[in-house]
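1. Whatever this is, show me its structure:
(one chain, ligands or ions: 1)
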Amino acid sequence: MSDRPDNPSAVRMADLTTFRLGGPAGRFVDCATPEELISAVRAADGVFRLIGGGSNLLVSDAGLEGLVIRYRSETPQIAIEGDEVVVSGATLLDDLAAWSVEEGLDGLVMCSGIPGTVGGAVAGNAGAFGEQIGDRTVSVALLLLNGTCEIMPAAGLGFAYRRSALQQPGAPAILSVRLALPRGDRAALRARREEILALRAAKHPDWRRVATAGSFFKNVEPTSVAGRRQAAGWFLEQAGALAMRVGGAHPFEKHANIVVCDPGGTAQDVLDLSQRMAAAVRETFGLALKREVRVLGPFRDGEAPA
Ligand SMILES: Cc1cc2nc3c(=O)[nH]c(=O)nc-3n(C[C@H](O)[C@H](O)[C@H](O)COP(=O)(O)OP(=O)(O)OC[C@H]3O[C@@H](n4cnc5c(N)ncnc54)[C@H](O)[C@@H]3O)c2cc1C
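-> Got it, this is the predicted structure:
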């Protein structure tokens, strides 16, 4: 665990997020294991912001006051227990997906190439190709803000499309996750993983080089106005979003729902652009897009709901 409280400007949220945006963290503690997270949360007296890989966050240029705790590890912490798999929330999701493929376990190959941690993925019920990690979750070990731990079965987690009860303010941290993964065919899983990684490389920006948090808005739940269409990117493209730009922020040329930010751009640029994009869809289709990316910290004129 590393704690750098003496130099408040030492850690910028830009260095902790794939958008590479965001001002200083008031205080920062980095935790790689459940034990480190338990100590950090107990010392924090319940007042902190938890992040994982920072791949679903837009943090304000002013930064975040108070304590930021990161729970993330580049060393996978994965164990097989009977028919189930137990993985720490700090483990990178793609490391878990790669491991499951090599073990010949099905159910997580769809997470191949999704950045961030297992904890962040379960909190947001991440997924792709119509599947989500909540479908495979048996239970989670939670760390409550008062420092106590409890096991919560998946049924209590309120999983829905890109949603869980663990996104509410004051929600507990996910220390570890228990998953049920059916046996699969290793060769077929390897081929599927390669196919998914190639698809992502062709259609998405490479988050290791390009500042982005992936899809900015959630896909649209079917309604009479939406008809059968669901991809937010389709509505955005039809509404002219691909031609929009605010400062350094603009949609990725191959995918109107992915906002990228050029060097020198700001978090305010991204938020302003996203509001312009959402307004265009509202005016064209009468649909209110909802953000998938989580917005943290103060922005100019407050922050419009989306
Ligand atoms: C190029 C790109 C492609 C992407 N593709 C996809 C995709 O196909 N499908 C998809 O679903 N998402 C996708 N994403 C979004 C993102 O990667 C996922 O939402 C990811 O699961 C977020 O995990 P994280 O660890 O980065 O969370 P963070 O961004 O760090 O945090 C997100 C939220 O999770 C909470 N959180 C983080 N860790 C924990 C924990 N241990 N316990 C409790 N709460 C926690 C945070 O408090 C915060 O509210 C993509 C992003 C990028 C940049």
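2. quick one: Arg291 and Gly214 touch, right?
-> No - taking contacts as CB atoms under 8 Å, Arg291 lies outside contact range of Gly214: 11.9 Å. (Glycine included, C-beta is placed from N, CA and C.)
3. And these two? Which one has more around it.
-> Gly214 (23 against 17; other CB atoms under 10 Å).
4. got the contact list for that one?
-> Thr18, Ser55, Asn56, Pro115, His204, Trp207, Ile258, Glu292, Val293 (CB atoms under 8 Å, 6 or more residues apart in numbering).
5. how about the strands of the stretch 1-150 of the chain, start to end?
-> Assigned by DSSP state E, counting those that start in this stretch, the strands in the stretch 1-150 of the chain fall at 2-3, 25-31, 49-51, 57-59, 64-71, 78-81, 84-88, 127-128, 131-132, 137-143, 149-153.
6. buried set for the fourth one?
-> By neighbour count, and taking 16 or more other CB atoms under 10 Å as the criterion, the buried residues in strand 57-59 are Leu57, Leu58, Val59.
7. Against the ligand, which of those make the cut? List them.
-> Among the buried residues of strand 57-59, proximity to the ligand is found for Leu57 (CB under 6 Å from any ligand atom).
8. Turn the buried residues of strand 57-59 into JSON lines, including distance to Gly127 and pLDDT.
-> Putting the buried residues of strand 57-59 into JSON lines (distance: CB to CB, whole Å; pLDDT from 0 to 100) gives the following:
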{"residue": "Leu57", "distance to Gly127": "18", "pLDDT": "98"}
{"residue": "Leu58", "distance to Gly127": "21", "pLDDT": "98"}
{"residue": "Val59", "distance to Gly127": "24", "pLDDT": "97"}
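9. ok, of the buried residues of strand 57-59, which one's closest to Gly22?
-> Taking CB to CB as the measure, Gly22 lies nearest Val59 of those, at 3.0 Å.
10. Not counting sequence-adjacent ones, nearest residue to the closest one?
-> Once flanking residues are discounted, Val59 sits nearest to Gly22: 3.0 Å by CB to CB, 6 or more residues apart in numbering.
11. show me what contacts that neighbour?
-> Applying CB under 8 Å, 6+ apart, the residues near Gly22 are 12-14, 16, 57-61, 63-64, 267, 296-297.
12. how far away is it from His204?
-> 21 Å (CB to CB, to the nearest Å).
13. The ligand contacts on the protein?
-> 18, 50-57, 71, 89, 114-117, 119-121, 123-124, 126-128, 166-167, 173-174, 204, 207, 212-214, 294.
14. wait, isn't Ala288 in contact with Gln275?
-> No - under the criterion of CB under 8 Å, Ala288 makes no contact with Gln275, lying 12.0 Å away.
15. higher neighbour count, those two?
-> Set Ala288 next to Gln275 and count neighbours by other CB under 10 Å: Gln275 wins out with 16 against 13.
16. what's the pLDDT at Ser9?
-> Note for Ser9: predicted pLDDT of 48.
17. Please disregard the earlier target; I meant Ser176.
-> Value for Ser176, per-residue pLDDT: 98.
18. Where does it fall, secondary structure wise?
-> strand 173-180 (DSSP states H and E).
19. Parallel or antiparallel, which strands does that strand pair with?
-> Here strand 173-180 has these sheet partners by DSSP bridges: strand 84-88 (antiparallel), strand 137-143 (antiparallel).
20. Mind listing residues that contact the next helix-or-strand element following that strand?
-> Downstream of strand 173-180, the first helix or strand assigned by DSSP H and E is helix 186-203. Residues from elsewhere that reach helix 186-203 (CB under 8 Å, 6+ apart): 97-98, 100-106, 109-110, 112-113, 128-129, 254-255.
21. residue boundaries of the helices in the chain?
-> Along the chain, counting by DSSP state H, helices occupy 34-44, 93-102, 118-123, 186-203, 232-238, 267-285.
22. Export those as CSV, with columns for mean pLDDT.
-> Below are the helices of the chain laid out as CSV (pLDDT from 0 to 100):
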stretch, mean pLDDT
helix 34-44, 96
helix 93-102, 98
helix 118-123, 98
helix 186-203, 98
helix 232-238, 97
helix 267-285, 98
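23. Please work out which of these is packed deepest.
-> Per-stretch averages of neighbours, counted by mean count of other CB atoms under 10 Å, single out helix 118-123 among these, with a mean of 30.
24. Excluding chain neighbours, what is closest to Ile258?
-> Closest to Ile258 by CB to CB, 6+ apart is Phe252, at 4.1 Å.
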